[in-house]
Structures are given as structure tokens and as C-alpha cells.
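Asks: A structural model of the following input is requested.
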Amino acid sequence: MKVTAQWIAEQCGVSRGTVDRVVNGRPNVAPEVRERVQKMINEYGYKTPAQRQAARVGRGAYRIGVILPSWDAFFIRRMREGIRVAVHNRGLNDVNVLVEELKNRSHRSYFEAIERLETRGIDGLILTAPDTLAMCEEIDRLVTAGIQVVTCDSDVRQSRRLYHIGQDMVKSGRVAAGLLAPYISGAEVLVVTGNREFTAHGLRVRGFLDRIYEIFGGNVNAHVIESVEQYELTYDGVLQNLRQNPRLRGIYMANESVRGCMDALERAKPARKVHVVCHDLTPHARQYLEAGRLDFIIDQDFSAQTTRAIEVLAHTLRTGEMPRQQIEYIHTSIITRELL
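Replies: Predicted coordinates for the structure are as follows:
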């Protein structure tokens, strides 16, 4: 059995934060609770962050943990490619990259993966995570324990993370609005997002809506639905909107499940063409673009952003220098059928 802070918290009937306060000798814990938690720590040999940090001294190579989110295999392959490039092509011979791949998107899954990486003695962490209070507190806990954190693709904005690298999400949403604008004047447009707890999704929607209203004012109706990036929710949501809104002329797919959108369009068979803009040149999106069913794809380089995150974190670990900036945006591309 592997002992983690979360496991100790569950056994003692307290929060993970309470365990952290006991482990680090911080106040604001009732004496009887502190005694109960400390007894479990002693009995099961749980190591504190300070003890893990001490174990890393003199070890040699820096250890960077990378948490791969529970995403489509296409994105995970690109992120793994970015890891390979960083380690083998960029001269990071003094860096060991330790990877944890999540099976779901729950906070518990994230925290358990982080715990496993801490046990392996990481010096820094790269992750894509929801922008929630719980995740912010977890990142702050890691930084306090001496583990620097870089966020990729989706930021945790109020945390003490070292750096964020990703697409300029507001701008990409505005680009999508500009691409759809010629087709939707005086009509209706549907925005399908994944989960707005992920900063990337929320900012894309904000950028899109801001630009649409700048262009049209009140001369267009925009509807937003969340699909949590699930095929069934995307399919049902798009199909319902197509059937209820005969004036729907554009769909902005701000999430992964383009296949659900395309299948809903095929089922609904609208009388007039509905124009679609999506993100990321996935195999499915490429096929739809080649067939003329998609109008545009707004792409980003997941491989490059993973490579860059490792480079920035490795530099800070080696030199102790903080980055001159806290956010870096990678290149955004607009893909048309002709470019394929």
C-alpha cells in the first residue's frame, strides 16, 4: 500500500490541507487532530516535502514531472513528442522527465498523480489543469515545498506557478469570430465549449463573444453550451440547437469533440449550410476539412509548447533565475482546405 497525504487525510477524517499543516508544523490545527494525524504519519512512514527535498540533494540530474491530462490520444502523442524533443534534441542531458498520464479529469486524479511524482523526488512540475481554488492551493503547496510549477495550455491564474505557456486563447476566440462573421450576420451562432473551469475554454469563449458583439452589436444571437468534451453531450447539444434554431448559420467548436458536431449536422440535415470553425488539426478535423464540411481550423503546436515548458523549467532549476516574463504564447495558425 502506498501512503499519500490524501490517504492519511481520509483515514483521519480531515482535509488534505490539514495534513499539510501538520506535516509542516503550521498552526491552526486542534491538538487532538494534530496528534491523530501525526500518529498516522509516524506509523506509516509518510515523508514530508522537506524530507523529500533533502533526499534530492546531491542526486545529480534534475527531475521534472509532467502530468498528461485525460485528453484524446492525438494531443497526448503531441505532448509526448514535445518531451522527446526537449530531452534528446535540446541538450537537456541533466534532466530526467517523469510522466504521469491521467485516466480522468477529477481533482483526486491530479492530486494522486502529483503525490506519486513527489514520492519520486521531482524538482519541478508541468501540468495542464482546471483553474479552480483547489488546484491553485495545490500548486501553492508545491511551490512552498520547493517544487516549481509551469502550466501548459490552460493556466491556473491566481496560483504561484512559475510560468505559463500556451495559445493566446482570447485572440484565438476573436479569430474564430472573424472567420465566421461573413456567414452569420442577422442570424444565430452556436458556441460549443468543453469545461470553462479550464482557462483555455473560458477565454476562447470570451474572445469569441467579445468580437462578435463588436462586429454585429445586437444583430446576431449567440448561444453557448458546455459539453465537457464528451461526444454524446456535443452531439445532443448541437442537434437540439439545429432543430430549435432554423436561423443557425455558424458553429464555433471551442472544444475537442468535432466528431459529435459533424454527426449532429449529418443527422439534422439543415436546409442551409451551417459554417463551422474548430480548433486543432486532429485526424478527424483534417478529414472534415478535406471533405468541405469544416470551414477553418485554428491550430496550435502542442509539441512545441511542451518542449518550451521543459526548457524554461530546466533553466530555472539549473540557474535559480526566474523567467523575465510569466506568460508565453505560441504561434496560432489558420488552416484552410487549400493549405492541406
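Asks: and G124, what pLDDT?
Replies: At G124, the predicted lDDT confidence score is 96.
Asks: Could you pull up phi and psi at it?
Replies: For G124, the backbone dihedrals (degrees, to the nearest 10) come out as phi -150, psi 160.
Asks: From R267, how far off is the residue most central in space within the chain?
Replies: Per CA atoms, centre = their mean, the C-alpha nearest to the average position across the chain is that of T128, at 3.4 Å. Separation of T128 from R267 (CB to CB, to the nearest Å) stands at 32 Å. Any C-beta I mention is one placed from the backbone N, CA and C, and that applies to glycine too.
Asks: quick revisit: residues contacting the residue nearest to the centre of the chain?
Replies: T128 sits next to 67, 69, 151-154, 198 when contact means CB atoms under 8 Å, 6 or more residues apart in numbering.
Asks: So what's the residue count around D140?
Replies: As a burial measure, D140 scores 16 neighbours (other CB atoms under 10 Å).
Asks: And the pLDDT at it?
Replies: 94.
Asks: what's the spacing between the helix or strand harbouring it and its chain's center?
Replies: According to DSSP states H and E, D140 maps onto helix 133-144. Computed by CA atoms, centre = their mean, to the nearest Å, the chain-centroid distance of helix 133-144 equals 16 Å.
Asks: what's in contact with it?
Replies: Contacts to helix 133-144, defined as CB under 8 Å, 6+ apart, come from residues 17, 20, 24, 49, 107, 110-111, 114, 118, 125, 129, 149, 156, 158-162.
Asks: ok, now stretch 205-222?
Replies: Counting by CB under 8 Å, 6+ apart, 169-174, 176-178, 180-181, 184-191, 193, 196, 224, 247, 252, 254 sit against stretch 205-222.
Asks: Any quick PyMOL command for the buried ones out of these?
Replies: Burial among the contacts of stretch 205-222 is assessed by 16 or more other CB atoms under 10 Å; the matching PyMOL selection reads:
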select buried, resi 169+170+171+172+173+174+176+177+178+180+181+184+187+188+189+190+191+193+196+252+254
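Asks: quick one on the thing from earlier: quick check: next helix or strand after the helix holding D140?
Replies: strand 148-152.
Asks: Can you verify my assumption that V156 contacts T199?
Replies: Yes: with contact defined as CB atoms under 8 Å, V156 counts as touching T199 (7.4 Å).
Asks: Now list whatever residues contact both of these two.
Replies: Residues touching both V156 and T199 by CB under 8 Å, 6+ apart: D131.
Asks: Tell me which of those two has more neighbours.
Replies: It is V156, of V156 and T199, that has more neighbours when counted by other CB under 10 Å, with 25 against 21.
Asks: just for the stretch 151-300 of the chain, where's the confidence low?
Replies: 196-197 (pLDDT under 70).
Asks: Which residue ranges of it form helices?
Replies: 169-184, 199-216, 231-244, 258-268, 283-290 (DSSP state H, counting those that start in this stretch).
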